[in-house]
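Enquirer: Pasting a predicted model and its sequence here:
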Amino acid sequence: MTKLIIQIPCLNEAESLPATIAALPRRVPGIDIVELLVVDDGSTDGTAQVARQWGVHHIVSHRCNRGLAAAFRSGVDRALAEGADIIVNTDGDGQYEASDIAALVQPILEARADIVIGDRGVGENAHFSSGKRLMQRIGSLVVQSLAGTQVADAVSGFRAFSRDAAQRINITTEFSYTTDMLIQAGRKKMAIASVPVRTHAAVRPSRLFRSIPRFVTQTGITMTRAFTAYKPLRAFVGTGSLIATIGLIPILRFMWFWSQGDGEGHVQSLVIGGALLVLGTLVAILGMVADLVAANRKLIEENLARTRALEDRLRAMQQTLAGTTQTSSTGKVRRKDAA
């Protein structure tokens, strides 16, 4: 049986959550069980109570606000523990069209993709301002380059992923999981697909960021960290080579004047060039060390994935054993009654 869990990270969404929950599908073609999961990220307006009133199957509550990335991680961990085969992430403010979930999970059901991103059609979306469209396009192009995959809407939070993908992705950022997740998935050679989805007009300003410059800065930091974590040799050796190349310029300048018999007044060029060469070499060496750390990280992630697989097997064995015990106990009662 295939189980789908739709998770909704929330921060003070008590007002909009009922409409969001009501719109979510309870039946999806190809799915046997559909359950809902709400992650209350330190809300102060009774979001968790509203979720219970509306019959949400699973609720995860943070005592204080820990951010979207932490809420996403908590939701995925709980969904995996509840036996989800496919996880869909959506927003609590009803931004995404809930009926598009069926299309979102279809590539996973057909074994064509590990992760599916809901493409909001940023270039033509009437709900986005021109500035937001431009930022989304630039951000998606950068993520495509870093992840080595084609994703039209890299920061879309409306996405589906298989159980295997959820177990292999380890979110490390504290800001937003969207770009970090895609860069990891691309570098781990997961199959990523995009499907067109519909959106609704925003009912309130975003709570993820307070200003456009802050969002751009935080996203840039997240992408840089993710890339250097998985491609440290290219990042550091490339940077070191660039610094060393720049350092050659003043050295060549000094050598030119020295060959003309005027080197005494240009010693500062030799000093600056030498310093840049040394700095570039040190950065390149750091890249080699970071590459060894990255190799160790891969081993740790493989061990973590195997541990999660063992936990799945253990959980399945416990459920089977519990079912067998219950059946055996029922059989004894029936034989006693018959006697």
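Expert: Sure, I can see it.

Enquirer: Break this structure down into its structural domains.
Expert: 3-228, 232-328 (automatic domain parsing).

Enquirer: Helices of the stretch 1-150 of the chain, residue ranges please.
Expert: 17-23, 47-53, 68-81, 101-109, 130-147 (DSSP state H, counting those that start in this stretch).

Enquirer: Count residues in the vicinity of the residue lying closest to Gly83 once chain neighbours are set aside, would you?
Expert: Once flanking residues are discounted, Gly83 sits nearest to Lys3: 5.7 Å by CB to CB, 6 or more residues apart in numbering. For every residue, glycine as well, the C-beta is placed using N, CA and C. For Lys3, the tally of surrounding residues (other CB atoms under 10 Å) stands at 17.

Enquirer: do Ala165 as well
Expert: Quick note: Ala165 (other CB under 10 Å) scores 24 neighbours.

Enquirer: give the contact list for it.
Expert: Asp114, Ile115, Ala185, Met190 (CB atoms under 8 Å, 6 or more residues apart in numbering).

Enquirer: okay, these in TSV with neighbour count, distance to Thr219 and pLDDT next?
Expert: Below are these laid out as TSV (neighbours: other CB atoms under 10 Å; distance: CB to CB, whole Å; pLDDT from 0 to 100):
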residue	neighbour count	distance to Thr219	pLDDT
Asp114	23	23	95
Ile115	25	19	95
Ala185	22	17	88
Met190	21	21	92
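
Enquirer: Determine which two of those are furthest apart.
Expert: Asp114 and Ala185 (7.0 Å; CB to CB).

Enquirer: Need the overlap of contacts for those two.
Expert: Ala165, Ile192.

Enquirer: wait, what's in contact with the residue nearest to Gly83?
Expert: Listed by CB under 8 Å, 6+ apart, the contact partners of Lys3 are Ile31, Asp32, Ile33, Val34, Glu35, Glu82, Gly83, Ala84, Asp85, Ile86.

Enquirer: Based on its surroundings, how many neighbours for the second one?
Expert: Spelled out, it's Asp32. Other residues close to Asp32 by other CB under 10 Å number 11.

Enquirer: That one contacts Ala84, doesn't it?
Expert: No - Asp32 lies out of contact with Ala84 (CB atoms under 8 Å); the separation is 12.0 Å.

Enquirer: follow-up on the earlier one: buried among the contacts of Lys3? Need that as a selection in ChimeraX.
Expert: Remark: buried members of the contacts of Lys3, expressed as a ChimeraX selection using 16 or more other CB atoms under 10 Å:
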select :31,33,34,35,83,84,85,86
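
Enquirer: In strands only, show me the contacts of Lys3.
Expert: Judged by DSSP state E, those include Ile33, Val34, Glu35, Ile86 as members of strands.

Enquirer: how close does the nearest residue to the second one once chain neighbours are set aside get to Asp85?
Expert: In other words, Val34. Using CB to CB, 6+ apart and skipping the chain neighbours, the partner closest in space to Val34 is Leu4 (5.0 Å). To Asp85, Leu4 is 7 Å away according to CB to CB, to the nearest Å.

Enquirer: cool, Asp119 as well?
Expert: Per CB to CB, Asp119 is found 23 Å from Asp85.

Enquirer: so what's Leu285 scoring on pLDDT?
Expert: Not Leu; residue 285 is Ile. For Ile285, the pLDDT comes out at 91.

Enquirer: Which helix or which strand is home to it?
Expert: helix 267-338 (DSSP states H and E).

Enquirer: distance between the ends of stretch 25-35?
Expert: End-to-end distance for stretch 25-35: 9 Å, by CA to CA, to the nearest Å.

Enquirer: can you list contacts of that stretch?
Expert: 1-6, 57-58, 82, 84, 86, 98-99, 101-102, 105-106, 109.

Enquirer: any low-confidence regions in the stretch 151-300 of the chain?
Expert: The model of the stretch 151-300 of the chain has pLDDT under 70 over residues 202-213, 215.

Enquirer: what's the neighbour count on Thr224?
Expert: Thr224 is flanked by 12 other residues according to other CB under 10 Å.

Enquirer: whoops, Gln7 was the one
Expert: 24.

Enquirer: Next one: it from Ser61, what distance?
Expert: 14 Å.

Enquirer: can you check Gly280 too?
Expert: With CB to CB as the criterion, Gly280 and Ser61 are 50 Å apart.

Enquirer: Neighbour count for those two, which is higher?
Expert: Neighbours were counted for Gly280 and for Ser61 using other CB under 10 Å; Gly280 has more, 21 against 14.

Enquirer: Apart from its neighbours in sequence, what residue is nearest that one?
Expert: Ala244 (3.0 Å).
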